[in-house]
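Asks: dropping a prediction and its sequence here:
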Amino acid sequence: MPYTAALLVQPEQKTGSDFAPLLRTVKAHGLLARRTGWYGLSMTTNLLALAATVAGMVLTGDSWWTLALAVPLAVLWSRTAFFGHDAGHAQISGDRRVSRAVGLFHSNLLLGMSYGWWNDKHNRHHANPNHVDKDPDVGVGVMVWTQNQAAEREGLARWLTRNQARLFFPLLLLEGIALKVYGFRTVLAKDDESRQPAGERAVEGILLFTHLAAYTTLLLMVMSPGKAVVFALVHHALFGLHLGMTFAPNHKGMEMPDPDGERWGHLQRQVLTSRNVHGGVITDWLLGGLNYQIEHHLFPSMPRPHLRRAQALVREHCEALGMPYAQTSLIDSYRQALTHMHQVGEPLRAASTVSG
């Protein structure tokens, strides 16, 4: 069926929800149907590539040349994280137990990060993207995302905020280790401090400790302790950098809904806060399909290989409604995100200059 504007917006559809006619069109094109075979083949290929990389480490042995394999291992770990992400959105299977099993295998066992913690946090982000009171991704942390948040910073945090744009990429080098810390904090939390049931945390904890033991054993069997530590640090730094560079272009510097303003509908809430990154097959592969961030946010359960096909439908629908549809290059997406971070810290830099 051809993708035509006529199919997208019919006169009788202009009343009511702006999202409803788009949803009907997407369903009519079969883009919400799951791609079990595609995911099965992709996950198997990824596992084989991981096994080949580990075999390469064993064969290279106690040599500094083994450090070079931290690069493909970091890339393949990011691929693994993408499968955990997709499982959390029920893209791979409509069965919750199957999705959870796939997510636990890829996240907890293979990566050492908590699937439950990530899924809870990420779903709250999807429900209210860029909403300072509801989206944990724009809450106050090492970095802040509004000038109101910046005004409350003191001490070292204030210095970080003043310089957060230039520190952004260096800080991403710590993200791989941070994800592990968040995971262990989640499974070791007390019942009244956790958003997860105790039974689920116990399962996740077993898998996290299994991962840690297996990863440590592998490195110490292959390399001397000194080289093993260097390998682990480089590997996790590159992994965090890759993941951070995948997620950074998606929302930073885009619209942030006013908590006290008008309530946005689903289409407006997801489109205006998201940014797409254009590119070809390599971009799709490196970013795990998340370069189609607008389509992903509108249809979280849409299988990854369908996002590119849905893009034309979504863009035509937005154009028909006069709604902005943000898409740019990967480099420009980073420029926009860093510009936003720089502007957030501007009042603090100005105050520092005056007081100095």
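Replies: Yes, it's here. Here the structure is a predicted model, which is why all the values come from computation and not from measurement.
Asks: do I have it right that residue 169 meets residue 237?
Replies: No - if you go by C-beta atoms under 8 Å, residue 169 and residue 237 don't touch, sitting 11.0 Å apart. Every residue, glycine included, has its C-beta placed from N, CA and C.
Asks: who has more neighbours out of the two?
Replies: A direct count of neighbours by other C-beta atoms under 10 Å for residue 169 and residue 237 places residue 237 higher, at 19 against 14.
Asks: so who does the residue nearest the centre of the chain touch?
Replies: The centroid of the chain falls nearest to residue 247 when counting by C-alpha atoms, centre = their mean (4.6 Å). For residue 247, the contact set (C-beta atoms under 8 Å, 6 or more residues apart in numbering) comprises residue 290.
Asks: for it, what is the enclosing helix or strand?
Replies: helix 225-247 (DSSP states H and E).
Asks: sorry, back to before: for the residue nearest to the centre of the chain, give its distance to residue 160.
Replies: 19 Å (C-beta to C-beta, to the nearest Å).
Asks: the spatially closest residue to residue 140 that is not a sequence neighbour: which element?
Replies: Once flanking residues are discounted, residue 140 sits nearest to residue 149: 5.3 Å by C-beta to C-beta, 6 or more residues apart in numbering. Secondary structure assignment for residue 149, by DSSP H and E: helix 147-151.
Asks: how distant is that helix from the center of its chain?
Replies: 24 Å (C-alpha atoms, centre = their mean, to the nearest Å).
Asks: check what pLDDT residue 195 gets.
Replies: If you check residue 195, the pLDDT there is 82.
Asks: end to end on stretch 317-325, go ahead and measure it.
Replies: Stretch 317-325 has an end-to-end distance of 10 Å (C-alpha to C-alpha, to the nearest Å).
Asks: which residues touch that stretch?
Replies: So stretch 317-325 is contacted by 5, 8-9, 18, 21-22, 25, 267-268, 271-272, 276, 294, 314-315 (C-beta under 8 Å, 6+ apart).
Asks: quick one, strands of the stretch 251-356 of the chain?
Replies: 276-277, 327-328 (DSSP state E, counting those that start in this stretch).
Asks: related to what we said a few turns ago, in helices, which of the contacts of stretch 317-325 fall?
Replies: In helices, defined here by DSSP state H, the members of these are 5, 8, 21, 22, 25, 267, 268, 271, 294, 314, 315.
Asks: max pairwise distance over these: which two?
Replies: The distance between the two most remote of those (C-beta to C-beta) is 19.7 Å, for 5 and 268.
Asks: looking at those two, which is more packed in?
Replies: Using other C-beta under 10 Å as the criterion, residue 5 and residue 268 rank with residue 268 on top: 18 against 12.
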